[in-house]
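Student: give me a model of this one.
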Amino acid sequence: MLDRKSRSLCGLTRRNVLAAGASLAVPLFIGSGARAATGGTLVWGKSLEMTMLDPHTALVGSAWQLQYLVYDTLVTMGDHFEVQPGIAESWEQPTPSTYVFHLREGVTFSNGRAMTAADVAGSIGRVVDPKFGSWWACQMGSVKSVQAVDAKTVKIELDEPFTPLLPSLAASMTAILPMKELQEGTFNPSKELMGTGPFMVTAHQQNDYWTLTRNPHYWRKGYPKFDEVSIRIITDDGARLAALQSGAIDIANFENPDAPKLLQGATNVKTAIQQTGDLYTLALNPVWDQSPFRDQRLRQAVNLSLNREQIRDVALSAQGTVSGVAAAVFKDGCTSTIARDVAKAKELAASAGGLSFAMVVQTSEAIQRIAQVIQQNVAEAGIKAELNVVDEGVFVDKVFVTGKFQASPFFWSAYADPGMVAAWWEPSVSGFTGKYVVSVPELNDLVHAERRTPNGAERTAQLKRICALVDDGAQMIPLVTKPVTVGYRSDRIQADIHPFEGYNDTLRHIAEFSRV
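Tutor: A predicted model of the protein is given here:
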């Protein structure tokens, strides 16, 4: 049981980043080792290695993708962002700030021990405990207490209403861990994976492969359909495409915007485009004393020069949707309120004495393409942009740790609620964006207010005003949503790829996949 007021800040500090990174080094795996006699092996070509094992501190989607195969959450998301039962088969909300969850019977960890309400309360309590410092705590509101009422009932009490609480509980960052083993020291979530999900890890070679076998104690009887998932880390898109076409792998995810075109006509290969709320943005740093973007006129000049449709069509091969901060895939989402005006951009840049700036650009193909289109867009307004391509470690250090950069394109996961990602535009909520975002009083008030406001007309209006304020401030400029391409061998497997995703759970229905 947790009974303390938790912080609502996400607090991503150098210590958090380094601690998360340090947890990657020595993976060990726990499970009974039992496996079903039939079902076969699903071979997944995964684009990135999983390097953050503890789900409560994992910062990146490449980790979440794999964690969903091992761990369960209280609730889960439907194909259109609706909250659905997970290991909680039902729940009620007796007051606006109180939630009571009723747990399923027969939920068991892969070591054979039955899950209890103490595991659930302990797991959620760990996330919101300020001493633990999970970055996800700010997406759960101000949690007053988490209590195991009895063996099958958990109660969460908040200090005040928080509309995104249920969607936040569908994230792998709230995965249910075996708290008894964690407290006894026989399970270390930064080095091991053990959950109540459909699979358990039985082998791993860093940057090469993972082998997951069926959890014989999985609560969904008759699932998963496959006995085993063989994950092959194939970082090169071309190699992953070739492996899929040759039949060396059964399914693969692609970040390359050209993947759908490249897979067209491939024999027995079916392609699914998964729309997400993930949002490409361009950060213009008003905090660092060596950034020209301390001048709002220059930020607005860049914003006015951007051709978002061209970014979508050229950089992302016409995939994705032009979007505001509340992603357009949500019912209450928004598009940019800024119309392109190159003449006005030139005027603003000239009034500030001209503009030349450098962009820190990750090695991702899509990010590099976006940066190149931005470079061309601003050049039309007489603005010079230099592209500095860096690896992920340098990017994280410059943007999230030291804040010593002028501009950088990157993407945010938008999660499962239109207001959740808006928190990153207000450093009093997020904490870590304070390195490159200055708090705006009206925006600050609205971000806090919309999180307390029930879904409906009032919250929709608040979200639209947030979108307008973000566009005007131009500190992190929303561009387009980030689609995901999934290709699979239709002659080898039956796979249901859900159409919308917020938590990078690319293979959300994997337990139901089967061999043809």
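
Student: Tyr488 in helix, strand or coil?
Tutor: strand (DSSP: H, G, I helix; E, B strand; the rest coil).

Student: any idea how far it lies from Ser145?
Tutor: To Ser145, Tyr488 is 44 Å away according to C-beta to C-beta, to the nearest Å. To be clear about C-beta, it is placed using only N, CA and C from the backbone, and glycine gets the same treatment.

Student: those two: who's more crowded?
Tutor: Tyr488 (27 against 19; other C-beta atoms under 10 Å).

Student: confidence score at the spatially most central residue of the chain?
Tutor: Closest residue to the average C-alpha location of the chain: Ser413 at 3.9 Å, with C-alpha atoms, centre = their mean. We note a pLDDT of 83 for Ser413 in this prediction.

Student: and what of the one 5 residues further on?
Tutor: In the predicted model, Pro418 carries a pLDDT score of 88.

Student: okay, now Ala243: neighbour count?
Tutor: If we define neighbours as other C-beta under 10 Å, then Ala243 has 18 of them.

Student: strands along the stretch 351-500 of the chain, start to end?
Tutor: Listed in chain order, the strands of the stretch 351-500 of the chain (DSSP state E, counting those that start in this stretch) span 356-361, 384-389, 407-412, 476-481, 484-489, 493-494, 500-501.

Student: angle of the longest helix seen in the chain against strand 476-481?
Tutor: In the chain, assigned by DSSP state H, the helix with the most residues is helix 457-473. Relative orientation of helix 457-473 and strand 476-481, computed by axes from the mean of the first three to the mean of the last three C-alpha atoms, to 10 degrees: 110 degrees.

Student: for helix 457-473, buried residues please.
Tutor: Neighbour-count burial for helix 457-473, counted by 16 or more other C-beta atoms under 10 Å, picks out 459-460, 462-473.

Student: would you map the helices across the stretch 51-200 of the chain?
Tutor: 61-70, 117-128, 165-168, 179-184 (DSSP state H, counting those that start in this stretch).

Student: what about these, which gets the closest to Ser408?
Tutor: Closest to Ser408 of these is helix 61-70 (C-beta to C-beta; 18.0 Å).

Student: what would the helices of the stretch 51-200 of the chain look like in CSV with distance to Glu92, mean pLDDT and mean neighbour count?
Tutor: Formatted as CSV, the helices of the stretch 51-200 of the chain follow (distance: least, C-beta to C-beta, whole Å; pLDDT from 0 to 100; neighbours: other C-beta atoms under 10 Å):
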stretch, distance to Glu92, mean pLDDT, mean neighbour count
helix 61-70, 26, 93, 23
helix 117-128, 16, 98, 24
helix 165-168, 12, 96, 22
helix 179-184, 24, 97, 15
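
Student: my guess is Pro409 meets Thr281, correct?
Tutor: Yes - with contact defined as C-beta atoms under 8 Å, Pro409 counts as touching Thr281 (7.0 Å).

Student: ok, the two, which is more surrounded?
Tutor: Higher neighbour count among Pro409 and Thr281: Pro409, with 26 against 23, using other C-beta under 10 Å.

Student: returning to what we had before: tell me who's in contact with the residue nearest to the centre of the chain.
Tutor: 61, 276-278, 421, 502-504 (C-beta atoms under 8 Å, 6 or more residues apart in numbering).

Student: so which of the residues you listed sits lowest on pLDDT?
Tutor: pLDDT across these is lowest for Gly277, at 82.

Student: what about that one, distance to Gly502?
Tutor: Where Gly502 is concerned, Gly277 sits at a distance of 5 Å (C-beta to C-beta).

Student: give me the contacts around stretch 208-218.
Tutor: Outside stretch 208-218, the residues that touch it by C-beta under 8 Å, 6+ apart are 31-36, 39, 50, 66, 69-70, 108-110, 112, 196-204, 224, 226-233, 511.

Student: shared neighbours, Pro409 and Thr281?
Tutor: Residues touching both Pro409 and Thr281 by C-beta under 8 Å, 6+ apart: Leu479.

Student: any idea of the pLDDT on Gln406?
Tutor: So Gln406 comes in at 98 (pLDDT).

Student: quick one: contacts for it?
Tutor: Neighbouring residues of Gln406 by C-beta under 8 Å, 6+ apart: 284-285, 288, 290-293, 357-360.

Student: next: Arg492.
Tutor: 247, 250, 268, 515-516.

Student: among those residues, name the buried ones.
Tutor: Asp250.

Student: which of the contacts of Arg492 lies closest to Thr76?
Tutor: Nearest to Thr76 out of the contacts of Arg492 is Asp250 (C-beta to C-beta; 23.6 Å).

Student: how near is the residue nearest to Gly502 when sequence neighbours are not counted to Ser323?
Tutor: Using C-beta to C-beta, 6 or more residues apart in numbering and skipping residues adjacent in sequence, the residue nearest Gly502 is Ala416, 4.0 Å away. As judged by C-beta to C-beta, Ala416 and Ser323 stand 16 Å apart.

Student: same check on Ser110?
Tutor: Distance from Ser110 to Ser323, counting by C-beta to C-beta: 39 Å.

Student: can you check Trp288 too?
Tutor: Taking C-beta to C-beta, one finds Trp288 at 27 Å from Ser323.

Student: so between those two, which is more surrounded?
Tutor: Counted by other C-beta under 10 Å, Trp288 and Ser323 do not tie: Ser323 has more neighbours, with 28 against 17.

Student: was I right to think that one contacts Ile477?
Tutor: No - taking contacts as C-beta under 8 Å, Ser323 lies outside contact range of Ile477: 11.0 Å.

Student: what's around the residue nearest to Thr98 when sequence neighbours are not counted, how many residues?
Tutor: Spatial nearest neighbour of Thr98, chain neighbours left out: Glu157 (5.3 Å); criterion: C-beta to C-beta, 6+ apart. Neighbour count for Glu157, taken as other C-beta under 10 Å: 15.

Student: quick check: pLDDT value at Glu157.
Tutor: For Glu157, the model assigns a pLDDT of 98.

Student: and the one 4 residues further on, by the same measure?
Tutor: Pro161 is assigned a pLDDT of 96 by the prediction.

Student: phi, psi for the nearest residue to it once chain neighbours are set aside please.
Tutor: Leaving aside its sequence neighbours, Pro161 sits nearest to Pro96 (C-beta to C-beta, 6+ apart; 4.2 Å). With angles defined as degrees, to the nearest 10, Pro96 sits at phi -60, psi -20.

Student: what of the one 10 residues further on?
Tutor: Torsion angles at Gly106 (phi, psi; degrees, to the nearest 10) stand at phi 80, psi 20.

Student: my read is that it contacts Trp219, right?
Tutor: Yes - using C-beta under 8 Å, Gly106 is in contact with Trp219, at 5.0 Å.

Student: which of the two has more neighbours?
Tutor: Set side by side, Gly106 and Trp219 show more neighbours around Trp219, with 17 against 13, by other C-beta under 10 Å.

Student: show me what counts as buried in stretch 193-204.
Tutor: Applying a neighbour-count criterion of 16+ other C-beta under 10 Å, one finds 193-202, 204 buried in stretch 193-204.

Student: what is the most widely separated pair among the residues you listed?
Tutor: Using C-beta to C-beta, the buried residues of stretch 193-204 span at most 19.9 Å, a distance reached by Thr196 and His204.

Student: got a list of contacts for stretch 337-352?
Tutor: Under C-beta under 8 Å, 6+ apart, the answer for stretch 337-352 is 292, 295, 297-298, 300-308, 324, 355, 378, 380-383, 467-468, 471.
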